[in-house]
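>>> Fold the following.
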Amino acid sequence: MRYPNSLPQNGTIGCIAPSFACNIEPYRSAFENAQKTWKEMGYKILTGPNCYEGSGIGISNTPELCAAEVNHFFAEEDCDVILSCGGGELMCETLDHIDFERLKKADTLCFVFSWIISIIFPLSFIIPSFIDCVSVKR
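The predicted model follows:
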């Protein structure tokens, strides 16, 4: 088993919305408050294009654009950790568009929660630093 590196001091937190986003209350305020807290702690925050999007039906955006965000953040953004800003059962619609071969090469720590089980299961086998559910205490 490989253990990922811890989030370094002043590291970069990438936020994505592969299913539900933070475009409505109370999720928007909670997400913005979390970002404020992380910035006060010295972390840099990168938010994906779907974090505040709400144009999809029960999902932040189209399945293609949600998958593109996942593929991009894992393969191209320089993040120390990737967080899913929301849960949601409709992430299963994105699976046909996820580039699992590309994600195999990723070595980024990732935390998700809720109903993103459709990607948790396959990713837990191909990305050794993929973790389901996390609680961070300040």
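
>>> got a list of what the residue nearest to residue 77 when sequence neighbours are not counted touches?
Distances taken as C-beta to C-beta, 6 or more residues apart in numbering place residue 14 nearest to residue 77, at 5.2 Å, with adjacent residues excluded. To be clear about C-beta, it is placed using only N, CA and C from the backbone, and glycine gets the same treatment. Contacts of residue 14 were listed using C-beta atoms under 8 Å, 6 or more residues apart in numbering, and they are 46-48, 73, 77, 79, 81-83, 108.

>>> Which strand residues bridge the most centrally placed residue in the chain?
By C-alpha atoms, centre = their mean, the chain has its centre lying nearest to residue 84, at 2.9 Å. When assigned by DSSP bridges, residue 84 has beta-bridge partners residue 16.

>>> pLDDT wise, what is it at?
On the pLDDT scale, residue 84 is placed at 86.

>>> Residue 31 versus that one, what's the distance?
Here residue 84 is placed at a distance of 11 Å from residue 31 (C-beta to C-beta, to the nearest Å).

>>> Common neighbours of the two, please.
With C-beta under 8 Å, 6+ apart, residue 84 and residue 31 have common neighbours residue 15.

>>> residue ranges with poor pLDDT in this structure?
By pLDDT under 70, the weakly predicted segments of the chain are 1-4, 106-138.

>>> And the strands in it?
For the chain, the strands defined by DSSP state E cover 12-16, 44-47, 81-84, 109-112, 130-132.

>>> The second one: partners in the sheet, and parallel or antiparallel?
Taking DSSP bridges as the criterion, strand 44-47 sits next to strand 12-16 (parallel) in its sheet.

>>> In the strand it pairs with, which of the residues would be classed as buried?
Judged by neighbour count (16 or more other C-beta atoms under 10 Å), strand 12-16 contains these buried residues: 12-16.

>>> do stretch 98-105 as well
For stretch 98-105, burial by neighbour count (16+ other C-beta under 10 Å) applies to 98, 103.
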